[in-house]
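In: sequence and computational prediction follow.
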Amino acid sequence: IRRPPRSTPLYSSAASDVYKRQEYTLNVKILDESKSIRLKIMDFLSRREHSSKEIYQKMSRRVESIEMLLEVIEGLEQDGLLSDERFAESYFQSRKRRGFGPLRIKNELIQRGVNENIFYSLDTETDWSLYAFQALKKKLHGKYPEDTKEILKLKKFLNYRGFDFKDIDNAFLMLNQENL
């Protein structure tokens, strides 16, 4: 049994991706009533919290009228169903538990349309040195770094995670005290 050469559309992944994208755009229903827009947004919000900007970005392709979308978003904010503060709180706690630092969390929240002041109100009592230490311990798997090259690599990792240099230094001080 001979297989067709890979250049045929049967094996071409690019051709199937284009077909799938076209099929997706054909299957997306364009919403033209405020009630249906509100229901779709509520469907998104039932899965997780979203910021206003995220909802706008998700829904702008699906609606006929952007003005109607903005009115529905404003109405949901007034009803207390859509809240940037609640989204920021949820996102902040989630990312903090996963070992990310304040600089990265703040930048991610700003990208998602959350005001910088909301982040600062959430970040009042957090000891980031402790979270940097926990992320460092998790990365080390119980192995203490031997040379300066490994230490610099770990510091770069924590910096990428969004921790400030003073928190990184404090985390290494805690690690040294623990290993004495």
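Out: Nice, I can see it.
In: ok, and the closest non-adjacent residue to the residue positioned nearest the centre of the chain?
Out: In the chain, the residue lying closest to the centroid (C-alpha atoms, centre = their mean) is Glu108, at 6.4 Å. Of all residues not flanking Glu108 in the chain, Arg95 sits nearest, at 6.9 Å (C-beta to C-beta, 6 or more residues apart in numbering). Placement of C-beta: from N, CA and C, glycine included.
In: give me the buried positions along the helix or strand Glu85 falls within.
Out: Glu85 belongs to helix 84-97 when elements are defined using DSSP states H and E. By 16 or more other C-beta atoms under 10 Å, the buried positions in helix 84-97 come out as Asp84, Phe87, Ala88, Tyr91, Phe92, Arg95, Lys96.
In: just curious, which of those residues is nearest to Ser121?
Out: Nearest to Ser121 among the buried residues of helix 84-97 is Ala88, at 8.7 Å by C-beta to C-beta.
In: distance check, the residue nearest to the centre of the chain against Ala88.
Out: 10 Å (C-beta to C-beta, to the nearest Å).
In: does Ile55 touch Leu82 like I think?
Out: Yes: counting by C-beta atoms under 8 Å, Leu82 is a contact partner of Ile55 at 6.6 Å.
In: how about Thr124, what does it touch?
Out: By C-beta atoms under 8 Å, 6 or more residues apart in numbering, no residues touch Thr124.
In: what does the one 10 residues further on give?
Out: Contact analysis of Gln134 by C-beta under 8 Å, 6+ apart lists Gly99.
In: over to Arg86?
Out: Glu49.
In: separation between it and Gly113?
Out: 14 Å.
In: and the following helix or strand past the helix holding Glu85, C-alpha only, in CSV?
Out: Using DSSP H and E, the helix or strand that follows helix 84-97 towards the C-terminus is helix 102-111. Provided in CSV are the C-alpha atoms of helix 102-111 (Å, rounded to 0.1, in the frame of the first residue of the first chain):
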residue,chain,number,x,y,z
PRO,A,102,4.8,41.3,42.8
LEU,A,103,6.5,42.8,39.7
ARG,A,104,5.1,40.1,37.4
ILE,A,105,1.7,40.0,39.0
LYS,A,106,1.4,43.8,38.7
ASN,A,107,2.4,43.8,35.0
GLU,A,108,0.0,41.0,34.2
LEU,A,109,-2.9,42.8,35.9
ILE,A,110,-2.1,46.0,34.0
GLN,A,111,-2.1,44.0,30.7
